[in-house]
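K.L.:
structure of the sequence below:
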Amino acid sequence: MNNQSLSLFNRRYKAIRKEKSYYNKFIFNGHFTVFLLILLGAFIFGYGEWLQHIPQHIDYALFASIAVALVSLFPIRTLLKDADKIFLLPFEKHMKDYMQVSLIYSYSSRIFLQVILLIILFPLFYKLNDNHFTFYIVFAISAIIFPYLGLLVKWQWLKLNLSSWTINLLLFVLFGITFYLILRFHNYFAIIFIFIVGVLLLILKLNSKKQLFPWERMIAIEQQKHTNYYKFVNMFTDVKHLRESAVRRSYLDFILPTPKGNKFNENRMYLFLFVRSFVRGRDAFSIILRLVIIALVLMLWLSNPIVSLIIGSLFMYITLLQMAQFYTQQAYGLWPQVWPVSDTKVIKGYEQFLYRLMIGVGIIFTILFVIKHPTLFFFALLFFIVGWLTIRSTIKKLKYQETLLRD
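P.N.:
The predicted model follows:
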């Protein structure tokens, strides 16, 4: 039976790996790969310059400890499906190996983020501590071990059907204190917190030994993680499994005045539809908001004007590019069937929507750039030029695709 549970996990692992391989073709296409490479180059260049003049009187150990502690809270991935709460229930006692392998999968699928963060932080603490790095080795080892111990503890906590946020908070505090004592005070005895987590794990194991699996909760957690992945992929291509949800944002009502009189016609309906779907939509709005915030943080941190222009232009390009899937979601949905109009009017409405989005994002980038580099304010026009070229290319492709569909 244990071999069958491992076989079940392997089949599901292969299925999800195949699915990710399929979607990766759309995510890491030529445009996005070039974007990532340029962004990486800009980050390395800006980070190198920043390391030459590190601001003083900042507790970098505290911020680094908080960041690494947060990243160390790996989520549990079980790959369970909704039907499992019925069909796997009689085999629960044979699912021990399945869960052990799933915890290993949960660890291995996220550890690369931990390693990348450790690599990024190393030059900072190497310079702050006059080229000494023995303490950093201890820090790196603890940062590699803690996430797996955390997964083991979270699994036992889950079996006891206790609140997830409490164990996350407890682990965050334990991890953060350990990292801070090592980075700030080079106190190697802080490694004793690993044994404290081990004792906590032993206590939880003894208490959860006779507990049944919380199937409903485990499946809900896995479904949420998978949905989050689909939302990310949906930035690049349509995902059939994803259901669009809506949310009311009353503070943005001024963007959505109700069309009246001659403005309520087929020439303006799709502009209103795209704007309303964007403002009320949960996914597209959140994605664009996150991209803008990331761009602003990078432009603020990497204060070199050339780097800021590159980052702003790239994020303008990627922001407008991600809205390409927004067109297919709306243009081929319900409204074209309720009120059929020419596809040229749909594309025109989409083009008007993109220009409004470009102007909004461009103004935000321009304000930050002018504040940081007031004498070079005229270079901010580059954001709008990149946006205009991106929209022009996008609309040209859409018109060509619609021509092919008509044929």
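K.L.:
and the longest helix along the chain, what does it pack against?
P.N.:
Using DSSP state H to define each element, the chain has its longest helix at helix 343-372. For helix 343-372, the packing partners by 3 or more C-beta pairs under 8 Å, 6 or more residues apart in numbering; DSSP states H and E come out as helix 269-280, helix 283-301, helix 305-322, helix 324-331, helix 381-406. Any C-beta I mention is one placed from the backbone N, CA and C, and that applies to glycine too.
K.L.:
got those helices as CSV, with distance to residue 117, mean pLDDT and mean neighbour count columns?
P.N.:
Formatted as CSV, these follow (distance: least, C-beta to C-beta, whole Å; pLDDT from 0 to 100; neighbours: other C-beta atoms under 10 Å):
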stretch, distance to residue 117, mean pLDDT, mean neighbour count
helix 269-280, 33, 80, 19
helix 283-301, 16, 83, 16
helix 305-322, 20, 86, 21
helix 324-331, 30, 70, 19
helix 381-406, 30, 84, 15
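K.L.:
nearest to residue 137, out of those helices?
P.N.:
Evaluated over the helices and strands packed on helix 343-372, closeness to residue 137 peaks at helix 283-301, with 27.2 Å, by C-beta to C-beta.
K.L.:
that closest one vs helix 343-372, what angle?
P.N.:
30 degrees (axes from the mean of the first three to the mean of the last three C-alpha atoms, to 10 degrees).
K.L.:
angle of helix 283-301 against helix 269-280?
P.N.:
Relative orientation of helix 283-301 and helix 269-280, computed by the same axes, to 10 degrees: 70 degrees.
K.L.:
which residues does helix 283-301 contact?
P.N.:
With contacts defined as C-beta atoms under 8 Å, 6 or more residues apart in numbering, helix 283-301 is touched by 42-43, 46, 50, 231, 234-235, 242, 244-245, 249, 277-279, 308, 311-312, 315, 318-319, 322-323, 326, 357, 361, 364-365, 368-369, 372.
K.L.:
check stretch 180-192 too.
P.N.:
The contact list for stretch 180-192 (C-beta under 8 Å, 6+ apart) reads 59-62, 64-65, 125, 135-136, 138-139, 142, 177-178.
K.L.:
now do the end-to-end distance for it.
P.N.:
From its first residue to its last, stretch 180-192 covers 13 Å (C-alpha to C-alpha, to the nearest Å).
K.L.:
any idea of the mean pLDDT for that stretch?
P.N.:
Stretch 180-192 shows a mean pLDDT of 89.
K.L.:
mind listing what's buried in the helix or strand harbouring residue 171?
P.N.:
Under the criterion of DSSP states H and E, residue 171 resides in helix 164-185. Neighbour counts over helix 164-185 (16 or more other C-beta atoms under 10 Å) mark 167-168, 171-172, 174-176, 178-184 as buried.
K.L.:
closest one to residue 302 out of the residues you listed, please.
P.N.:
Nearest member of the buried residues of helix 164-185 to residue 302, counting by C-beta to C-beta, is residue 183, at 23.4 Å.
K.L.:
ok, and the closest non-adjacent residue to the closest one?
P.N.:
residue 61 (3.9 Å; C-beta to C-beta, 6 or more residues apart in numbering).
K.L.:
what about that neighbour, neighbour count?
P.N.:
20 (other C-beta atoms under 10 Å).
K.L.:
for residue 127, see how far away it is.
P.N.:
As for residue 61, its distance to residue 127 is 13 Å (criterion: C-beta to C-beta, to the nearest Å).
K.L.:
residue 64 too?
P.N.:
Noted for residue 64: a distance of 13 Å to residue 127, by C-beta to C-beta.
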